[in-house]
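Asks: return a 3D structure for these sequence lines:
(one chain, ligands or ions: 1)
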Amino acid sequence: MHAGREDLAGLGVHVPPIDLSSTNPLPDIESGGLSYEAMASGGMPNAEGGAVYARLWNPTVARFESALARLENAEAAVAYSSGMAAMTAAVLATTKETGRRHVLAVRPLYGGTDHLLASGLLGTEVTYCAASDVAASVRPDTALVVLETPANPTLDLVDIRAVVEAARGVPVLVDNTFATPILQNPLDFGASMVLHSATKYLGGHGDVVAGVIACDQERAAALRRVRAVTGGLLHPLGAYLLHRGLATLPIRVRAQQANAQRVAAWLTTHPSVARVHYPGIAGDPHGLLGTQLRGTGAMISIDLLGGYEQAKHVTSAVSLFTHAVSLGGVDSLIQHPAALTHRPVAPEARPTAGLLRLSIGLEDPEDLMTDLDQALATRGRVPVTAGATHA
Ligand SMILES: *Cc1c(COP(=O)(O)O)cnc(C)c1O
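Replies: Predicted coordinates:
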């Protein structure tokens, strides 16, 4: 609520100002040059020289960064124009700093991340493995281990501490998009970097595309160096909206989670649904729920008995849910991972054709269940009632 706003009273204002300057007047060549130098090497602008140029540093973005860092128990945070820009910077910074080019990725991952690593576009070589195989798969040239928990789209839970131990000193990046800092703080379990697609819960209203990484000061400096050189910075208007969004993040997450718990429990009883993927309903062999992960969250995936054909029907039959990719906003969304968000993933690792992913919002949960029930009913109940009719 208050992080990133500490100086506002002194400025005589109540809400953070938005600084849209792309460039800043220079007091003189020397101080401007020194400030430029400080920022290009990953530091802060100095008081005399100022911010120089907005690709290097922006005060509105810095407010959001300091608030997010506080939420993640981190020394610093660095914000980008998207989650994928943040992931790109993390890979570039770590490979540059370590001089290594192997990335170990624990599947499942968001389709865009999986694809970025598989493409080799950043000069890296990737190995995909299960969380239990990290120790056996880490190599002398491994620069980074990447994981998601809960993972997109199957909500698999990964034991962060166990992966950190298995990585034997190689930095571990945890994508915390699904959990949010309200439900999980990966740095507390030994992760080196925590990444968010801020597009999702942090923004929370479907009107910002952004990414952010929280970490220690040294890594933040390396990430800022990459951002200064490659761009990919967050626009101050987006940063303002994200900073505002953080103020309601705890109540949004808890209210969406309460809705999701009701919807998930109801879905387990639905005759069209073969399986519900939701923390606490799916297995939790490592006992991570209640320890590493403080809540079940508001993302649900379901396997439909009717497979792809029924999934296609459901996405077109819903009326309160919006059939759209993305997640974490105040309104509920439904989408088919295999065809959309996870489309670029190699076939052997792609989600199944009968899987739908639901992002539960703030609507009345009764209304959400009524909508899902009518969408699932048309075809979904066919096998069950047909069996009963024949009998
Ligand atoms: C959406 C998403 C991303 C990518 O973020 P963008 O803001 O779309 O670039 C990364 N990780 C997860 C888990 C996501 O859901």
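
Asks: contacting residues around residue 130?
Replies: Residue 130 makes contact with 106, 107 under the criterion C-beta atoms under 8 Å, 6 or more residues apart in numbering. Any C-beta I mention is one placed from the backbone N, CA and C, and that applies to glycine too.

Asks: per-residue confidence for it?
Replies: pLDDT for residue 130: 96.

Asks: distance from the host helix or strand of residue 312 to the middle of the chain?
Replies: Per DSSP states H and E: residue 312 is located in helix 307-317. Helix 307-317 has its C-alpha centroid displaced from the chain centroid by 26 Å (C-alpha atoms, centre = their mean, to the nearest Å).

Asks: stretch 240-256 too?
Replies: A distance of 15 Å separates the centroid of the chain from that of stretch 240-256, by C-alpha atoms, centre = their mean.

Asks: ditto for stretch 313-330
Replies: Per C-alpha atoms, centre = their mean, the centroid offset for stretch 313-330 relative to its chain is 19 Å.

Asks: who are the packing partners of the biggest helix by length in the chain?
Replies: Looking across the chain with DSSP state H, the single longest helix is helix 236-268. When contacts are defined as 3 or more C-beta pairs under 8 Å, 6 or more residues apart in numbering; DSSP states H and E, helix 236-268 sits against helix 59-71, helix 180-183, strand 273-277, strand 299-304, helix 365-380.

Asks: and the nearest residue to residue 163 once chain neighbours are set aside, what pLDDT?
Replies: In space, residue 163 comes closest to residue 134 once its chain neighbours are excluded; the distance is 5.2 Å by C-beta to C-beta, 6 or more residues apart in numbering. Here the pLDDT value assigned to residue 134 is 98.

Asks: likewise the one 5 residues further on?
Replies: The predicted local distance difference test score for residue 139 is 98.

Asks: quickly find the element holding it.
Replies: Here residue 139 is assigned to no helix or strand, by DSSP H and E.

Asks: which residue does this structure bring closest to the ligand?
Replies: Nearest residue of the chain to the ligand, counting by C-beta to the nearest ligand atom: residue 83, 2.2 Å away.

Asks: tell me how far the residue lying closest to that residue once chain neighbours are set aside lies from residue 239.
Replies: Spatial nearest neighbour of residue 83, excluding adjacent residues (C-beta to C-beta, 6+ apart): residue 197 at 3.0 Å. Note on residue 197: its distance to residue 239, by C-beta to C-beta, to the nearest Å, is 15 Å.

Asks: can you name the residues that contact residue 203?
Replies: 210, 238, 241, 242, 245, 328, 329.

Asks: same thing with residue 146?
Replies: Residue 146 is in contact with 87, 103, 104, 105, 106, 109, 113, 117, 172, 173, 175, counting by C-beta under 8 Å, 6+ apart.

Asks: how far does stretch 11-25 stretch from one end to the other?
Replies: Terminal residues of stretch 11-25 are spaced 21 Å apart (C-alpha to C-alpha, to the nearest Å).

Asks: kindly report the same for stretch 166-183.
Replies: 24 Å.

Asks: ok, it near the ligand or not?
Replies: Yes - using C-beta under 6 Å from any ligand atom, stretch 166-183 comes into contact with the ligand via 175, 177.
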